[in-house]
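**Student:** here is the input, now give the coordinates:
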Amino acid sequence: MGCACGIFCSALPIFGQTFIGMITARILRASVIASLPWTWISNPLTTLPMWYGGYRLGIRILPGQQKPLSHTEIQALMQNFDQMGWAQGVSLLSTEFWEALQPLWLGTVVMGLAMAVPSFILVHYVAKRIQRRRARRRQKDY
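**Tutor:** Have a look, this model is predicted:
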């Protein structure tokens with residue numbers, strides 16, 4: 001279960017996923033140590049693609065006519081931000097940020113669950129097989 005907690009938290013659009021994975025594992029009475037390495041699936045090379053994929057997934061799941069921001073729209077937004085005053089820029093970015101936050105969270109939670117459930121099943125199955133194999137070896141030794 002600790003592995004699944006780490007994998008789930010690795011997809012979330014927050015920083016400090018390692019600590020969130022540890023807390024989640026602790027709450028679920030899973031192995032905190034097992035959750036640690038799995039949260040590192042998201043690293044500086046994979047974080048942005050995972051978050052963008054989650055954002056696109058969230059756009060598809062949410063009802064309505066939300067259109068995902070393209071790379072050129074993001075660039076234009078940043079150029080507009082550079083040319084605005086500080087207060088206007090913060091207002092513009094916060095508006096765009098809040099509009100993107102709902103599909104981002106929904107998509108990354110779904111993505112995290114889609115990765116965590118099969119990994120839990122696989123790790124549980126492998127652990128049980130290892131335990132059975134060790135038990136058989138112990139019986140043969142006696």
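**Student:** do you know how far Ile27 is from Gly6?
**Tutor:** Distance of Ile27 to Gly6, given as Cβ to Cβ, to the nearest Å: 13 Å. Where you see a C-beta, it was placed from the backbone N, CA and C, and this is true even at glycine.
**Student:** do Val126 as well
**Tutor:** Val126 sits 16 Å away from Gly6, going by Cβ to Cβ.
**Student:** who has more neighbours out of the two?
**Tutor:** Gly6 (30 against 10; other Cβ atoms under 10 Å).
**Student:** secondary structure element holding the more buried one?
**Tutor:** Assessed by DSSP states H and E, Gly6 sits inside helix 2-10.
**Student:** what's the nearest residue to Gly53 if we skip its chain neighbours?
**Tutor:** Once flanking residues are discounted, Gly53 sits nearest to Met111: 6.7 Å by Cβ to Cβ, 6 or more residues apart in numbering.
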